[in-house]
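Visitor: from the sequence below, what's the structure:
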Amino acid sequence: MNKLDLKKEYKHLYNPSAKQVTVVSVPRFNFIMIDGHIPPNIKVDDAPQYIQAVETLFSLSYTLKFMCKKRKTDPVDYGVMPLEGLWWSDSSHKEFTPSRKDTWYFTMMIMQPKPVTQAMYAEGVEALRAKKPAMSVDAARFESFEEGKAVQTLHLGPYSEEPTTIERMVAFSNEHGFKTNGKHHEIYLSDPRRAAPAKLKTVLRHPVK
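Guide: Reported below is the predicted structural model:
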């Protein structure tokens with residue numbers, strides 16, 4: 001059985017250094033995506049749309065993983081990739097400021113390996129719908145996304161301290177003459193339900209031009 005290690009293959013994108021901000025080129029990947037929003041003054045982990053999105057994304061991703069692993073022709077095994085999120089607010093479509101006075105909009109997503117096709121995704125949706133009819137699978141979509149040139153770094157610590165890291169990224173972009181060219185992007189390498197806030201690892205990425 002063929003085994004894929006996407007985290008190792010794309011280590012520069014999914015395990016960057018926390019010591020410096022770097023410039024990367026992010027190629028086109030396929031994702032399962034779900035859009036939603038979080039009203040002002042509501043904790044992210046308490047927002048129903050966010051909770052449902054995360055549950056659905058992981059359920060679909062594991063369904064597809066086992067479909068790939070069990071297929072008779074060219075079975076493939078791989079680790080499910082981490083949860084990612086594109087974030088923006090009413091006050092700033094591109095330069096995201098983590099203020100809970102604004103409504104936050106999100107596209108939560110999980111990258112899928114090349115063996116997962118649109119047809120396989122559709123089959124996985126129907127399989128999950130039959131298994132968990134209450135799950136909001138209709139909110140999800142299978143879509144390609146190419147981020148292109150971006151600046152990124154690894155944020156260590158609680159999400160509430162991200163603004164300091166974002167300031168470093170903005171300063172780096174300004175120093176190199178870059179302008180923001182997309183939405184604030186986070187990749188969650190840690191599970192906040194299991195890791196202490198001080199030990200959380202989050203990739204922060206800003207598309208630039």
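Visitor: show me what the helix or strand in which residue 185 is found is packed up against.
Guide: When elements are assigned from DSSP states H and E, residue 185 belongs to strand 184-188. Applying 3 or more Cβ pairs under 8 Å, 6 or more residues apart in numbering; DSSP states H and E, one finds that strand 184-188 makes contact with strand 83-89, strand 140-156, strand 201-207. The way it works is simple: take the backbone N, C-alpha and C, and place the C-beta from them, glycine included.
Visitor: rerun at 6 Å
Guide: Contacts of strand 184-188 with other secondary structure elements, assessed using 3 or more Cβ pairs under 6 Å, 6 or more residues apart in numbering; DSSP states H and E, are made with strand 83-89, strand 201-207.
Visitor: could I get the ones you listed as TSV with distance to residue 28?
Guide: As requested, these are exported to TSV (distance: least, Cβ to Cβ, whole Å):
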stretch	distance to residue 28
strand 83-89	15
strand 201-207	13
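Visitor: those into CSV, with extra columns for mean pLDDT, mean neighbour count and distance to residue 52?
Guide: Shown next, in CSV, are these (pLDDT from 0 to 100; neighbours: other Cβ atoms under 10 Å; distance: least, Cβ to Cβ, whole Å):
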stretch, mean pLDDT, mean neighbour count, distance to residue 52
strand 83-89, 94, 20, 13
strand 201-207, 97, 22, 21
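Visitor: out of those, which gets nearest to residue 12?
Guide: Across these, the minimum distance to residue 12, taken as Cβ to Cβ, is reached by strand 201-207, at 10.7 Å.
Visitor: the residue minimising distance to the centre of the chain and residue 177: what is the separation?
Guide: With distances taken as Cα atoms, centre = their mean, the chain has residue 84 as the residue nearest its mean C-alpha position (1.0 Å). Residue 84 sits 27 Å away from residue 177 when distances are taken as Cβ to Cβ, to the nearest Å.
Visitor: residue 102 too?
Guide: 28 Å.
Visitor: and the longest helix for the chain?
Guide: helix 48-70 (DSSP state H).
Visitor: quick one: mean pLDDT over it.
Guide: For helix 48-70, the per-residue pLDDT values average out at 97.
Visitor: swap in stretch 124-140?
Guide: Within the predicted structure, the mean pLDDT of stretch 124-140 is 95.
Visitor: same deal with stretch 7-21?
Guide: Per-residue pLDDT values over stretch 7-21 give a mean of 96.
Visitor: same question for stretch 153-161.
Guide: 95.
Visitor: may I have the distance across it, first residue to last?
Guide: One end of stretch 153-161 sits 14 Å from the other (Cα to Cα, to the nearest Å).
Visitor: ok, how many other residues are close to residue 118?
Guide: Number of residues near residue 118 (other Cβ atoms under 10 Å) recorded here: 11.
Visitor: tell me the bridge partners for the closest residue to it other than its chain neighbours.
Guide: When the adjacent residues along the chain are set aside, residue 118 lies closest to residue 142, with 5.6 Å between them (Cβ to Cβ, 6 or more residues apart in numbering). Taking DSSP bridges, one finds residue 32 as the beta-bridge partners of residue 142.
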